[in-house]
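**Student:** Sequence and predicted structure are below.
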Amino acid sequence: MYTASAYREADLRVPKGAPFYFRYNHFEPETAVEPHTHPWGQLCRISLGLMEATVETHKLTAPAEYLIWVPANAPHSASIRQATDFISVYVAESLAERLPATGCLIAQTPLVRALFEDFAARRVSVMQDAWDLRQFELMIELLARAEHTDSYLPDSQDRQLEPILQAIRLDPADNTTLQAWAERVHSTERTLARRFQTELGMSFVQWRNRVRLLRALVWLKEDRSVQDIALALGYGTPSAFIAMFRKQVGFSPERYRRQMCGETERPTA
């Protein structure tokens, strides 16, 4: 297994007093980043697939549409299963204080993604002019206002939701409808739909799709066929599974498998 460095040299290269510092890497499949800390807050961005990180004792799983935020001096480690481009952004204290005090996932809006891609296209490492700073300040403001979540797959101790979540985790292929679940837990479909939004911040179907995606990623790594995975996850056809996968990850299961094996050209950051 390839193991990345603890970034001590990169930390030393950050100019003193810099408002931000970008690092660009390409990670090979099965990259493990050992526990380490930084004196600055850190935004972590991958170009595709999933990144798994532990910030202090909290485990975070982030698909490419989310950033992982790590506050200054918080011990953290990470693992990346597929080949991917990686951007690490160190954030000075004056700007980092706008972001959460604990590690979390932050959703990338289309504008945040465009700002990141502009920095990456110009290969900006440190501030070159006043516009760079204004652009970065805008990005931090957008991230401060964006969705923050502790988990890509949140949990709940709600007495009606808990048995549903547990059952789906054990059997992601379970196609029981929300209406049928409501009858089982002595509730109504409308009440359960509201509780999913209140407790988990998403719909019943969105939560179940995330469970299925995480299970699919494991099976793709084990080289199971897309058709087999689709059937095992309760889809009537592979195309329905592929459509869900594309919506969640941004590309097909087979492309994910190729990227995981490092068989395609590097995607642009």
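**Tutor:** Looks like it came in fine. All of these numbers come straight from a predicted model, not from anything done at the bench.
**Student:** Which residues does stretch 193-200 contact?
**Tutor:** Pro154, Ser156, Asp158, Gln160, Leu161, Leu178, Met202, Ser203, Phe204, Trp207 (C-beta atoms under 8 Å, 6 or more residues apart in numbering). For glycine as for every other residue, the C-beta is placed from the backbone atoms N, C-alpha and C.
**Student:** ok, Pro35 - how many residues close by?
**Tutor:** Counted by other C-beta atoms under 10 Å, the residues lying close to Pro35 total 11.
**Student:** when you give positions from now on, start the count at 59
**Tutor:** New numbering, starting at 59: the last item is Pro93.
**Student:** Leaving out sequence neighbours, find the closest residue to it.
**Tutor:** Ser135 (4.4 Å; C-beta to C-beta, 6 or more residues apart in numbering).
**Student:** contacting residues around the one you found?
**Tutor:** When contacts are counted by C-beta under 8 Å, 6+ apart, Ser135 touches Ala90, Val91, Glu92, Pro93, His94, Ala111, Thr112.
**Student:** what secondary structure does the closest residue to Ser105 other than its chain neighbours sit in?
**Tutor:** Leaving aside its sequence neighbours, Ser105 sits nearest to Asp143 (C-beta to C-beta, 6+ apart; 4.0 Å). Three-state assignment for Asp143 (DSSP: H, G, I helix; E, B strand; the rest coil): strand.
**Student:** Count residues in the vicinity of Asp143, would you?
**Tutor:** 18.
**Student:** any idea how far Glu88 is from it?
**Tutor:** Per C-beta to C-beta, to the nearest Å, Asp143 is found 16 Å from Glu88.
**Student:** again with Leu118
**Tutor:** 19 Å.
**Student:** Tell me which of the two has more neighbours.
**Tutor:** Legend: neighbour count by other C-beta under 10 Å for Leu118 and Glu88, higher for Leu118 (23 against 17).
**Student:** And what about Arg316, helix, strand or coil?
**Tutor:** Going by three-state DSSP: Arg316 is helix.
**Student:** got the buried residues for the host helix or strand of Trp127?
**Tutor:** Assessed by DSSP states H and E, Trp127 sits inside strand 124-128. Residues Tyr124, Leu125, Ile126, Trp127, Val128 are the ones in strand 124-128 that count as buried (16 or more other C-beta atoms under 10 Å).
**Student:** strand partners of that strand, parallel vs antiparallel please.
**Tutor:** Partners of strand 124-128 in the sheet, by DSSP bridges, are strand 99-104 (antiparallel), strand 162-165 (antiparallel).
**Student:** What residues sit buried inside stretch 111-125?
**Tutor:** Ala111, Thr112, Val113, Leu118, Thr119, Ala120, Pro121, Ala122, Tyr124, Leu125.
**Student:** And the strands in the chain, which stretches?
**Tutor:** 60-62, 78-85, 89-94, 99-104, 108-113, 116-121, 124-128, 134-138, 142-149, 162-165, 206-207 (DSSP state E).
**Student:** Please consider this matter closed, and thank you.
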